[in-house]
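Undergrad: Okay, here's the prediction I keep looking at, along with the sequence it came from:
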Amino acid sequence: MSPDPTIDHTVTAAEADRTVPALLRELLPGTSWSTAKELCRSGRVYVDGSRVLDPAARVAAGSRVEIHPDGPALPRGPLAPEALVHFDPDLVVVDKPAGLLTAPFAGERDTLVTLTRTLLGRREAAGGTGGAGGRGPALRVVQRLDKETSGLLVFARSIGAERELQRQLGEHTVTRRYLALVHGAARDGTHETLLVADRGDGRRGSWGVFRRAKGEPPPNARQAITHVRVVERLPGATLVACELETGRQHQIRIHLSEAGHPLLGERVYVPADRREGGPLLQAPRPMLHATLLGFAHPRNGRPMRFETPPPADFLALLARLRQGARSQ
């Protein structure tokens with residue numbers, strides 16, 4: 001249990017959308033930028049009950065921020081033991097926290113795959129199984145989640161398992177369900193588009209949506225299919241479930257934004273003319289959580305199904321929206 005916080009602060013409307021270090025510098029006068037960022041990285045800052053390890057995370061109005069400057073620092077590369085949902089000789093299923101890259105990129109050291117490898121090695125060593133040939137557990141990336149997306153994903157532990165899981169993903173037989181909080185009154189429906197790396201302004205998007213299509217789709221266009229179902233209507237927002245047939249980069253974020261319902265906390269794919277549902281609601285990150293994962297075991301074909309609830313920051317924002325509905 002963490003010690004009592006030095007600061008226990010509720011974010012005001014005027015403070016909303018600031019980065020956590022920027023807010024810390026106001027709450028702790030005289031704190032340098034480097035110290036404020038290190039407070040985050042060391043696990044000493046909580047927003048709505050969840051550690052915020054990413055200095056780029058932003059705060060929403062009404063969020064509760066706790067700072068524990070004298071609390072114990074997390075070891076470099078923290079990954080809670082309960083994040084390891086399932087492991088066997090062929091695969092590992094992990095509940096990814098928001099704020100971690102799935103795999104190394106641009107020199108990033110602490111990523112989900114490296115932290116999972118460390119945690120898995122410790123678990124297997126404690127159980128007496130050890131790693132193959134003493135090299136430690138090998139993990140192969142077969143799917144990815146965005147850095148700020150939380151939830152379930154699977155790593156393979158052999159070339160055979162990697163190929164089989166990739167085959168299932170390619171044939172759209174893997175069940176991937178996400179929960180998302182979006183702006184406005186979203187509707188049930190299926191979004192099927194061709195995603196391109198540059199929609200016309202340097203950002204990813206659907207071919208022919210941002211700018212009128214001319215001629216044939218470019219060679220790099222890839223089919224993307226997202227099924228959306230309304231779960232709960234909220235003041236100015238909707239809780240939706242999204243199931244993927246394909247798994248293109250930023251697919252859900254793009255499809256929801258192009259439908260006029262960007263994620264709460266979305267800062268990249270927000271239509272300039274989006275006005276449905278009133279002003280944009282604030283959130284510390286894009287509110288997207290991979291809640292359900294299902295596939296056939298790559299060795300024996302046995303159905304595998306895993307489900308995890310959203311983390312504390314998602315649930316806290318959902319609770320505030322529900323409270324707003326009750327007060328109307």
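TA: Arrived safely. Numbers count the residues shown, from 1 in each chain.

Undergrad: neighbouring strands for the lowest-mean-pLDDT helix or strand in the chain, and are they parallel or not?
TA: Here the helix or strand of the chain ranked lowest by mean pLDDT, DSSP states H and E is strand 50-51, holding a mean of 79. Strand 50-51 has the following sheet partners, assigned by DSSP bridges: strand 45-47 (antiparallel).

Undergrad: Other residues contacting the partner strand?
TA: 2, 5, 20, 24, 39, 51-52, 57, 59, 63-68, 284, 313 (Cβ atoms under 8 Å, 6 or more residues apart in numbering). Glycine gets a C-beta too; all of them are placed from N, C-alpha and C.

Undergrad: Repeat that for stretch 204-221.
TA: For stretch 204-221, the external contacting residues (Cβ under 8 Å, 6+ apart) are 193-201, 224, 249-250, 254-255, 258, 269.

Undergrad: Could you list which of those residues belong to helices?
TA: Among the contacts of stretch 204-221, the members found in helices (DSSP state H) are Ile254, His255, Glu258.

Undergrad: Provide the secondary structure category for Asp8.
TA: Following DSSP: H, G, I helix; E, B strand; the rest coil, Asp8 is assigned to strand.

Undergrad: Neighbours of the nearest residue to it once chain neighbours are set aside, how many?
TA: Excluding its sequence neighbours, the residue lying closest to Asp8 (Cβ to Cβ, 6 or more residues apart in numbering) is Glu66, at 5.4 Å. Neighbour count of Glu66, defined by other Cβ atoms under 10 Å: 20.

Undergrad: What of Val47?
TA: So Val47, with other Cβ under 10 Å, has 24 neighbours.

Undergrad: Show me what it is bridged to.
TA: Here Val47, judged by DSSP bridges, has bridge partners Ser50, Val65.

Undergrad: cool, Glu192 as well?
TA: Those that pair with Glu192 in a beta bridge, by DSSP bridges, are Ile225.

Undergrad: Starting from the helix or strand where Thr238 lies, tell me which strands it pairs with and how they run.
TA: Here Thr238 sits within strand 237-244, counting by DSSP states H and E. If you go by DSSP bridges, strand 237-244 pairs up with strand 175-183 (antiparallel), strand 222-234 (antiparallel).

Undergrad: and for it, what are the contacting residues?
TA: Strand 237-244 is touched from outside by 175-186, 225-233, 251-252, 256, 261, 264, 277, 281, 291, 318, 321, with contacts defined as Cβ under 8 Å, 6+ apart.

Undergrad: Can you mark which positions in that strand are buried?
TA: Using 16 or more other Cβ atoms under 10 Å as the test for burial, strand 237-244 gives Ala237, Thr238, Leu239, Val240, Ala241, Cys242, Glu243, Leu244.

Undergrad: pull the CA atoms of it into PDB?
TA: Only the C-alpha atoms of strand 237-244 are listed here, as PDB (Å, rounded to 0.1, in the frame of the first residue of the first chain):
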ATOM      1  CA  ALA A 237     -20.900  10.500 -24.900                       C
ATOM      2  CA  THR A 238     -21.500   6.800 -25.700                       C
ATOM      3  CA  LEU A 239     -20.000   3.600 -24.400                       C
ATOM      4  CA  VAL A 240     -19.500   1.300 -27.400                       C
ATOM      5  CA  ALA A 241     -18.100  -2.200 -28.000                       C
ATOM      6  CA  CYS A 242     -16.000  -2.600 -31.200                       C
ATOM      7  CA  GLU A 243     -15.100  -5.900 -32.800                       C
ATOM      8  CA  LEU A 244     -12.400  -6.200 -35.400                       C
END
